[in-house]
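Student: no sequence for this one, just the structure:
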Ligand SMILES: Nc1ncnc2c1ncn2[C@@H]1O[C@H](COP(=O)(O)OP(=O)(O)OP(=O)(O)O)[C@@H](O)[C@H]1O
Ligand SMILES: [Mg+2]
């Protein structure tokens, strides 16, 4: 057969060439946006924090024992706030770690497929509840419960913050730990069963130890989440004057004031350019640095894990196995000592000895009982953890639904508020939220998809992709209140956008960017290589291939990411608190005007408008329905997508 | 080889993975202290069958079984039967070496430890004896407390054999134990097998016809989930009764 070869005309060639090059540059710019953003955040926080370090010194700022910026003289001691943050996080972890690990084991090893299909989305749903809704629930139900059942003067305490944060950290820890446990090779499990081990012996002696580094990373991520949480802790912790730490330090019934709560409360009323203002940026910088360290730690552990899975043949380890074991033993010994020390300080010598003897006795009794009974006990305990988690979810949902449903009506969602929101509806807040979310997704989606396409299609795995991914991970771990402060310093003041819809949209967009990058990358990974090769074989260029062949099958996955981003943006309060929102009933007609938003409306009603209970619950319900509805669609879509993706 | 001496016997064994049937009406008997080889083309159900003998298919969610499997006359799929107890008597070595990410010592001691043996001397003895029986002792005796992941593939597989010997089972199931190994490592494991037969009953799945002929006393040929022919290894290889078997072993399979 004779072929006629038609050479492309030169002008077309150059046009195409320019387009290809241009696309590559645009994609590269989107890819590095995550890095640019994280650096801008650090720079702007530092810029506005620097004056306070200069005026009172870094040392006194970090170690000062009192925080009272409005006193005479003003005191800027961040130490108690840092301690408070750590204490609340510690308490949260005491609650979240056992429940999450138990749930993770249940989901990956014990649940039948049918149970798993229900339980897993339920836990994910918990992640979808906006933090201001948690705060609202905590403020009304949890603090009252604490006040009455422990007979203390106020329920707004460290304990309340820890319980709430603990519940909020559960989905993060559970899902990462569950991934780690599920990816333990099936061969290990079979090897253990084949020598007669019971299921529980296999889980406790082989599977969980093999997944230990992944579980550790999960816990660290949970800690990062808890440290950075703002709205919920701000609403339930009491926030004492001077930020005084509990007396004695183990008094969980004392009010407590964390770094994030301080920012959330005081940022709104501070004069720009005052010492107080700079000091708040100092706090934000401390907060950011703590969370960055925590997240880098998690990234390093997870990264090492992935590398280990990729290379089956290992190089000789740097430290010998025995030595590694010694380190581990020392580590556990250290933790044990700390726990005993804490016990000793809290309850005194005799009870400590009592508790330790009890544990030792139980341990020996457990070893005496048969393997079968051990397994039954262990499985019951694990099942109990997941039941507790589901009960938490149930209580929160049930409370909000039963109390909110009374307020719900057509008028409620279509009219504006009257009498400071005590009566009337929430129409402006709904519209404001829709505006904010639409703008955020319009900015984040192209940027995030572009970044993911560049990462996945244009570069080989290497140092650049590593840096960009780390940037996205760090951005993902950045506390939402830090986004808020950055947005204020950069958009509101520096770019002179003022309190505006636009400033809020961009701030939210930055916050959801990592979610979109990650989910898009997942989706691109699922597009088989053969499709791309087929397209190149037909002479298509890279960008044509991506546009026509790669993106269409990845679209449902990308959409899932977008929906998750929308859900997150709709529920967040802290990033818009100082950039976009006002408590008002007017509907903005320009992106340069401020707006009201559902989470902010709820926050204001719950914390400053007495007598608005009915409408608080109504707003919470609308917000919850909106966000959970969005997540639910995303979960359904993803499941559908996963099924189809098995080529 | 149905006989009153059978250590394992299946009766009308059928198995489904979800909707898909993988084993059809298998009735066969395994004689003690012999090596029985299972051969057949890929996907014919060899692994599925051998994994029935120690109830390893229990870990697969959609797997359904009808029929009976007797171990010394007791049905191992009976409602009250304890899979753990059965697996202590019927050990298994897998196709891909699967040591745990622990030390060599811990790998071998694992089975005894979970049975509640804690005495250090006793464990030391068990580890040494099992590694010797698996012909690995000389190679690893100086590095017992190093990670098992640092061993070569052949060494790892012998470690897994040692691990299954450590709890003194009566039967050892081997699913293509040499398929991931080079000829030298394979030869070592084959040598080992003839020694094992004195104490243990061995059932081995293999794709390597010479291996089956070399090491086994009896051979079963499977095809599309059915047991086609089962007899003396010599008879199967020299004088098969079924055409299907003949086609397969003469390589005229298609
Ligand atoms: N977990 C499973 N789920 C569904 N089907 C399965 C599963 N395991 C095996 N099968 C199917 O059952 C049949 C028998 O598989 P099996 O692994 O027993 O074959 P085999 O003879 O061991 O093959 P090979 O020589 O390749 O190892 C095959 O068709 C296989 O696709
Ligand atoms: Mg097989």
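Tutor: Yep, it's here. Since the structure is predicted, the reported quantities are computational estimates derived from the model, not experimental observations. Ligands and ions are numbered 1, 2, ... in the order given.
Student: alpha carbons only for contacts and neighbour counts from here, please
Tutor: Will do.
Student: mind listing what residue A:108 touches?
Tutor: A:178, A:181-182 (Cα atoms under 8 Å, 6 or more residues apart in numbering or on different chains).
Student: Using TSV, lay out these together with neighbour count.
Tutor: Below are these laid out as TSV (neighbours: other Cα atoms under 10 Å in any protein chain shown):
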residue	neighbour count
A:178	26
A:181	25
A:182	18
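Student: and which of these is nearest to residue A:541?
Tutor: Comparing those against residue A:541 with Cα to Cα picks out residue A:182 as the nearest, at 39.3 Å.
Student: ok, so what distance separates that closest one from ligand 1?
Tutor: To ligand 1, residue A:182 is 16 Å away according to Cα to the nearest ligand atom, to the nearest Å.
Student: likewise residue A:415?
Tutor: In this structure, residue A:415 and ligand 1 are separated by 57 Å, where distance is defined by Cα to the nearest ligand atom.
Student: Now that residue A:69 has come up, it's in contact with residue A:278, right?
Tutor: No: assessed by Cα atoms under 8 Å, residue A:69 is found out of contact with residue A:278, at 10.9 Å.
Student: out of the two, which sits in the more crowded spot?
Tutor: Applying other Cα atoms under 10 Å in any protein chain shown to residue A:69 and residue A:278 shows that residue A:278 carries more neighbours, namely 24 against 19.
Student: How about the contacts made by the more buried one?
Tutor: For residue A:278, the set of contacting residues under the criterion of Cα under 8 Å, 6+ apart consists of A:48-52.
Student: Skipping its backbone neighbours, what lies nearest it in space?
Tutor: Here the nearest residue to residue A:278 in space, its sequence neighbours aside, is residue A:49; by Cα to Cα, 6 or more residues apart in numbering or on different chains that works out to 4.9 Å.
Student: Report the closest residue of chain A relative to chain B.
Tutor: residue A:196 (4.2 Å; Cα to the nearest Cα).
Student: any chance you could map the helices in the stretch 51-200 of chain A?
Tutor: Ranges of helices in the stretch 51-200 of chain A, per DSSP state H, counting those that start in this stretch, are A:58-63, A:79-105, A:113-128, A:131-137, A:143-149, A:158-182, A:186-194, A:199-202.
Student: which strands and helices sit next to the helix or strand containing the residue nearest to residue A:278?
Tutor: With elements taken from DSSP states H and E, the one containing residue A:49 is helix A:10-56. Helix A:10-56 makes packing contacts with helix A:275-310, helix A:427-453, helix A:463-477, helix A:480-487, helix A:501-525, helix A:542-545 when contacts are defined by 3 or more Cα pairs under 8 Å, 6 or more residues apart in numbering or on different chains; DSSP states H and E.
Student: Export these to JSON lines and append columns for distance to residue B:106 and mean pLDDT.
Tutor: Conversion of those to JSON lines gives the following (distance: least, Cα to Cα, whole Å; pLDDT from 0 to 100):
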{"stretch": "helix A:275-310", "distance to residue B:106": "21", "mean pLDDT": "86"}
{"stretch": "helix A:427-453", "distance to residue B:106": "44", "mean pLDDT": "93"}
{"stretch": "helix A:463-477", "distance to residue B:106": "36", "mean pLDDT": "89"}
{"stretch": "helix A:480-487", "distance to residue B:106": "46", "mean pLDDT": "95"}
{"stretch": "helix A:501-525", "distance to residue B:106": "38", "mean pLDDT": "92"}
{"stretch": "helix A:542-545", "distance to residue B:106": "52", "mean pLDDT": "87"}
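Student: For ligand 1, which of those helices is the nearest?
Tutor: helix A:275-310 (22.3 Å; Cα to the nearest ligand atom).
Student: Can you pull the poorly scored residue ranges out of the stretch 151-254 of chain B?
Tutor: Counting by pLDDT under 70, the stretch 151-254 of chain B has low-confidence residues at B:252-254.
Student: Quick check: nearest residue in space to residue A:623, chain neighbours excluded?
Tutor: Distances taken as Cα to Cα, 6+ apart place residue A:598 nearest to residue A:623, at 6.4 Å, with adjacent residues excluded.
Student: Now do the same contact list for the one you found.
Tutor: Taking Cα under 8 Å, 6+ apart as the criterion, residue A:598 is in contact with A:426, A:429-430, A:432-433, A:571, A:619, A:623.
Student: got the residues of the stretch 51-200 of chain B near chain A?
Tutor: B:54, B:56, B:61, B:83-88, B:91-92, B:94, B:98-101, B:103, B:111, B:114, B:145-147, B:149-150, B:163-164, B:167 (Cα under 8 Å from any Cα of the partner chain).
Student: So what touches stretch A:41-56?
Tutor: Contacts to stretch A:41-56, defined as Cα under 8 Å, 6+ apart, come from residues A:58, A:61, A:275, A:278-282, A:284-285, A:483, A:485-486, A:489-490.
Student: Filter the residues you listed down to the buried ones, ChimeraX style.
Tutor: Typed into ChimeraX, the line below selects the buried ones among those, using 16 or more other Cα atoms under 10 Å in any protein chain shown:
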select /A:61,275,278,279,280,281,282,284,285,483,485,486,489,490
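Student: between the contacts of stretch A:41-56, which is closest to residue A:511?
Tutor: Out of the contacts of stretch A:41-56, the one with the shortest distance to residue A:511 is residue A:483. That distance is 7.1 Å, counting by Cα to Cα.
Student: Thought residue A:507 was touching the closest one, still the case?
Tutor: Yes: distance between residue A:483 and residue A:507: 6.5 Å, which falls inside the contact criterion (Cα under 8 Å).
Student: Overlap of the contact sets of those two?
Tutor: Joint contacts of residue A:483 and residue A:507 (Cα under 8 Å, 6+ apart) are residue A:575.
Student: what's the helix or strand for the spatially most central residue of chain A?
Tutor: Averaging the C-alpha coordinates of chain A gives a centre point, and the residue nearest to it by Cα atoms, centre = their mean is residue A:225 (5.0 Å). Counting by DSSP H and E, the element that carries residue A:225 is helix A:212-228.
Student: what's the answer for residue B:221, then?
Tutor: Per DSSP H and E: strand B:218-223 holds residue B:221.
Student: strand partners of that strand, parallel vs antiparallel please.
Tutor: Here strand B:218-223 is paired, per DSSP bridges, with strand B:35-39 (parallel), strand B:226-232 (antiparallel).
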